[in-house]
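1. Based on what follows, work out the 3D shape:
(one chain, ligands or ions: 2)
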Amino acid sequence: MAEQVNGVVAGAKGARVSVETITIPDPGPGEAVVRVQACGVCHTDLHYREGGIGDDFPFLLGHEAAGVVESVGDGVTDVAPGDFVVLNWRAVCGNCRACLRGRPWYCFATHNAQQKMTLADGTVLSPALGIGAFTEKTLVAAGQCTKVDPRIKPEVAGLLGCGVMAGLGAALNTGGVSRGDSVAVIGCGGVGDGAVLGASLAGARKIIAVDIDDRKLAWARDFGATDVINSREADPVEGIRDLTEGNGADVVIEAIGRPETYQQAFYARDLAGTVVLVGVPTPDMRLDLPLLDVFGRGGSLKSSWYGDCLPSRDFPMLVDLHLQGRLPLEKFVSETIALDQVEGAFAKMERGEVLRSVVLL
Ligand SMILES: NC(=O)c1ccc[n+]([C@@H]2O[C@H](COP(=O)([O-])OP(=O)(O)OC[C@H]3O[C@@H](n4cnc5c(N)ncnc54)[C@H](O)[C@@H]3O)[C@@H](O)[C@H]2O)c1
Ligand SMILES: [Zn+2]
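-> Ligands and ions are numbered 1, 2, ... in the order given. The predicted structure follows:
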């Protein structure tokens, strides 16, 4: 039987979000209904509200979530009612070109749920990133549910569903950071600090955090940065070179998504080093680099989509490391809030006061 629950909806471009009654249908074949326990407020939710990710209003916001599977549709065998899961926004399809080549973290054919959740008047909602989890219950494709050890707190586990995973994976998967490397991270929000933590987990010897906000730099130190540079006060390229015997870092991770900070990353890396772009640029942005420098400096220039993660491989592993006390994911949770406080959390995010506000349900 379809159910009515409360959910946070962005009704129109730029308008304040509001809590609305939404209808959740029974799960169809291959689908699951999840009782959401926690959902982090990510920059991407704000992008949706501002109309930056399409015009398909109204959006059901929220996508960094953990909860308990309540019911499943026909043919679902990987998860069952009662399972504690982290929701992922890139369910691997198993059939596309990338999957068939054995590179499922590049799966092109995201296998998300159909748009079936509605407002009380029947208007179809567009769930953010195919999830929509600022709600008591949500309907997803069963493949979007990744089972993890239920002993982790939901408000911590949910963060693996988006930004923190993107940062951790930018260092561990895309950047291939390993023991003894020097790493610089430009932009230390939730994603950048995920990259700092990933570099630390991988055994990097030097981790240089760059931001324009001293508060963010202090948090980055707490996640394992060995050195910090406020790029409002000092040239980050020179600073990173000075801290690496004049060479530049082996891996530089850009976690903002701007041409000027990408350029800093490009010049702050060692010869034949790696640049990882995990920040997401906007369509108007352009990059102007001397092609000779692209050639002459060698190495690799990479982008990181969702940290090149494979949810079934990475989420349970990271949860285990957390439960063993080796991955302090709880430090990303700046505050827990109620469903009707998402708008306020957006404002705090814009003022740089939080790494993550997490809605507890
Ligand atoms: N690739 C992916 O799969 C993926 C996933 C999630 C988020 N993202 C993207 O990652 C980026 C960061 O997300 P977030 O949640 O950490 O955002 P955030 O707003 O919390 O963090 C951005 C940080 O960059 C700093 N900053 C801004 N301008 C700067 C500059 N010129 N120089 C140095 N520092 C500067 C800010 O002070 C802030 O600390 C966004 O573009 C987001 O869309 C990418
Ligand atoms: Zn996100």
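
2. Could I get the full set of strands for the stretch 101-250 of the chain?
-> Using DSSP state E, counting those that start in this stretch, the strands of the stretch 101-250 of the chain run over 118-119, 126-127, 137-141, 145-147, 182-186, 206-211, 227-230, 249-254.

3. which one of those strands is the most hemmed in?
-> Of all those, strand 182-186 carries the top mean neighbour count, a mean of 31, counting by mean count of other C-beta atoms under 10 Å. Using the backbone N, CA and C atoms, a C-beta is placed for each residue, glycine as well.

4. Show the secondary-structure elements that that strand is packed against.
-> If you count contacts as 3 or more C-beta pairs under 8 Å, 6 or more residues apart in numbering; DSSP states H and E, strand 182-186 packs onto helix 190-201, strand 206-211, helix 236-242, strand 249-254, helix 259-268.

5. quick one: residue 280 from residue 39, how far?
-> Here residue 280 is placed at a distance of 20 Å from residue 39 (C-beta to C-beta, to the nearest Å).

6. I meant residue 324, not that one.
-> 25 Å.

7. who has more neighbours, those two?
-> The residue with more neighbours, out of residue 324 and residue 39, is residue 39; 34 against 8, by other C-beta atoms under 10 Å.

8. what's around residue 335, how many residues?
-> Residue 335, neighbours per other C-beta under 10 Å, totals 16.

9. Would you enumerate the residues in contact with the closest residue to ligand 2 within the stretch 1-150 of the chain?
-> The nearest approach of the stretch 1-150 of the chain to ligand 2 comes at residue 42, 3.2 Å away (C-beta to the ion). Contacts for residue 42 (C-beta atoms under 8 Å, 6 or more residues apart in numbering) come out as 63, 64, 162, 163, 190, 356.

10. ok, and which of those reach ligand 1?
-> Taking C-beta under 6 Å from any ligand atom as the test, ligand 1 is in contact with 162, 163, 190 out of the contacts of residue 42.

11. Same list (these) but as TSV, adding neighbour count.
-> Shown next, in TSV, are the ones next to ligand 1 among the contacts of residue 42 (neighbours: other C-beta atoms under 10 Å):
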residue	neighbour count
162	31
163	29
190	25
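
12. near ligand 2 too, which of those residues?
-> residue 162 (C-beta under 5 Å from the ion).

13. Residue of the protein closest to ligand 1, please.
-> Using C-beta to the nearest ligand atom, the single residue of the chain nearest to ligand 1 is residue 189, 1.9 Å away.

14. can you tell me how far that residue sits from residue 354?
-> Per C-beta to C-beta, residue 189 is found 10 Å from residue 354.

15. number of nearby residues for residue 82?
-> Neighbours of residue 82 under the rule other C-beta under 10 Å: 9.

16. Show me the residue of the stretch 51-200 of the chain that gets nearest to ligand 2, please.
-> Nearest to ligand 2 in the stretch 51-200 of the chain, going by C-beta to the ion, is residue 162, at a distance of 3.2 Å.
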